[in-house]
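Colleague: take this sequence and fold it.
(4 chains)
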There are 2 protein chains.
Amino acid sequence: MGCAVSVPLYQAKAEFFKTLGHPARIRILELLSERDHAVHELLEKIAIEPSNLSQQLAVLRRTSLVVFHRQGGEVIYSVSVPEVRDLLLAARSILSGLIAAQGDLESELSPTLRAQ
Amino acid sequence: MGCAVSVPLYQAKAEFFKTLGHPARIRILELLSERDHAVHELLEKIAIEPSNLSQQLAVLRRTSLVVFHRQGGEVIYSVSVPEVRDLLLAARSILSGLIAAQGDLESELSPTLRAQ
DNA sequence: ACATGAGTTGCGCAGTTCTTCAAGTCGTGT
DNA sequence: ACACGACTTGAAGAACTGCGCAACTCATGT
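Modeller: Numbers count the residues shown, from 1 in each chain, chains lettered A, B, ... in the order given. Got it, this is the predicted structure:
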């Protein structure tokens, strides 16, 4: 493949991970990877202001991780890249490994974090 | 879901992705997932200030993604969680999908962004 | 035409993160 | 004991994000 990309790949990767680096956005992607949701449905399940939700959706749209379409009065979002689900799962497994390891160390110091 | 958690999992995930959301840190992880590196070796391959590199290493250390040990005069870093490699690969494949898709659309609209 | 529910956008402030410079620590060789 | 290379830490300003409020758009129902 010809292809030295001029926006170096590692920078694109960083951008990509940045868009995943926010609790609300993670939550949204998790919900959408179960099934499509209208904005007001997301709103019921994620406790944030409508405008805030809208902004987070805009971030996800900008990186094309989600797409939307109108249907009657509502706007329906869906994940555009199904593999995102795998990525989230991979992250969870790494994460639980890390937490378990730290838990071992910290269980004496701060028992607070343990239960996941 | 049994599981009300003190640090909700999706928040921990977001934190995790945040630590991946920086070009230098991605670069470091990529290099370390090939083989262990001393700091000055990383410095040769990543064009940033020593102190900056050190800070980014500190971020990765804080989340336990890397570990280090001294050996003579140098400090050697290694990835502590080998699965990180898979995660980076997964990200790359999603990313190249996205870039390919966007490239198709944008090549006619804004040739500006392309090479870069 | 108007009101209403569903979403989005613009803006300003508060809080974070990045980056650089200067100063500090820790080993090794002399 | 001293100097030097290899790193790390601290601090401060710039740059960026996140959040809520108010204003706006758009489609539907009356």
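
Colleague: interface residues of chain A facing DNA strand D?
Modeller: A:18, A:21-22, A:24, A:48-49, A:51-52, A:55-56, A:59, A:70, A:72-73 (Cβ under 7 Å from any atom of the strand). All C-beta atoms are positioned from the backbone trio N, CA, C, and that covers glycine.

Colleague: how is chain A carved up into domains?
Modeller: With domains defined by automatic domain parsing, chain A comprises A:21-80, A:83-116.

Colleague: in PyMOL, how would I select the buried members of the residues of chain A next to DNA strand D?
Modeller: To isolate the buried ones among those in PyMOL, judged by 16 or more other Cβ atoms under 10 Å in any protein chain shown, type:
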select buried, chain A and resi 18+21+22+24+56+59
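
Colleague: where along chain A do the strands fall?
Modeller: In chain A, the strands defined using DSSP state E lie at A:37-38, A:66-71, A:74-79.

Colleague: re earlier: weakest of the domains of chain A by average pLDDT?
Modeller: Across the domains of chain A, domain A:83-116 has the smallest mean pLDDT, namely a mean of 75.

Colleague: next, the buried residues of stretch A:67-82.
Modeller: A:68, A:76, A:77, A:79, A:80, A:81.

Colleague: could you dump those residues to JSON lines with distance to chain B?
Modeller: Putting the buried residues of stretch A:67-82 into JSON lines (distance: Cβ to the nearest Cβ, whole Å) gives the following:
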{"residue": "A:68", "distance to chain B": "16"}
{"residue": "A:76", "distance to chain B": "20"}
{"residue": "A:77", "distance to chain B": "17"}
{"residue": "A:79", "distance to chain B": "11"}
{"residue": "A:80", "distance to chain B": "8"}
{"residue": "A:81", "distance to chain B": "6"}
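
Colleague: nearest residue to the middle of chain A?
Modeller: Centroid-nearest residue in chain A, with Cα atoms, centre = their mean: residue A:26, separated by 2.6 Å.

Colleague: contact partners for the residue lying closest to residue A:45 once chain neighbours are set aside?
Modeller: Counting by Cβ to Cβ, 6 or more residues apart in numbering or on different chains, residue A:45 lies nearest to residue A:31, which is 6.1 Å off, once chain neighbours are set aside. Residues in contact with residue A:31 (Cβ atoms under 8 Å, 6 or more residues apart in numbering or on different chains) are A:37, A:42, A:45, A:46.

Colleague: which of these sits closest to DNA strand D?
Modeller: Comparing the contacts of residue A:31 against DNA strand D with Cβ to the nearest atom of the strand places residue A:46 closest, at 10.7 Å.

Colleague: what's the burial count for that closest one?
Modeller: Neighbourhood size, residue A:46 [other Cβ atoms under 10 Å in any protein chain shown]: 18.

Colleague: and it, backbone torsions?
Modeller: Phi and psi for residue A:46, reported as degrees, to the nearest 10, are phi -120, psi 120.

Colleague: was I right to think it contacts residue A:23?
Modeller: No - between residue A:46 and residue A:23 there is no contact under Cβ atoms under 8 Å: 9.1 Å.

Colleague: on the pLDDT front, check the residue nearest to the residue nearest to the centre of chain A when sequence neighbours are not counted for me.
Modeller: Leaving aside its chain neighbours, residue A:26 sits nearest to residue B:10 (4.5 Å; criterion: Cβ to Cβ, 6+ apart). Residue B:10 is assigned 91 on the pLDDT scale.

Colleague: flag every buried residue along the longest helix along chain A.
Modeller: Secondary structure of chain A per DSSP state H: the longest helix is helix A:84-106. For helix A:84-106, the neighbour count (16+ other Cβ under 10 Å) marks A:84, A:86, A:87, A:88, A:90, A:91, A:94, A:95, A:98, A:99, A:102, A:103 as buried.
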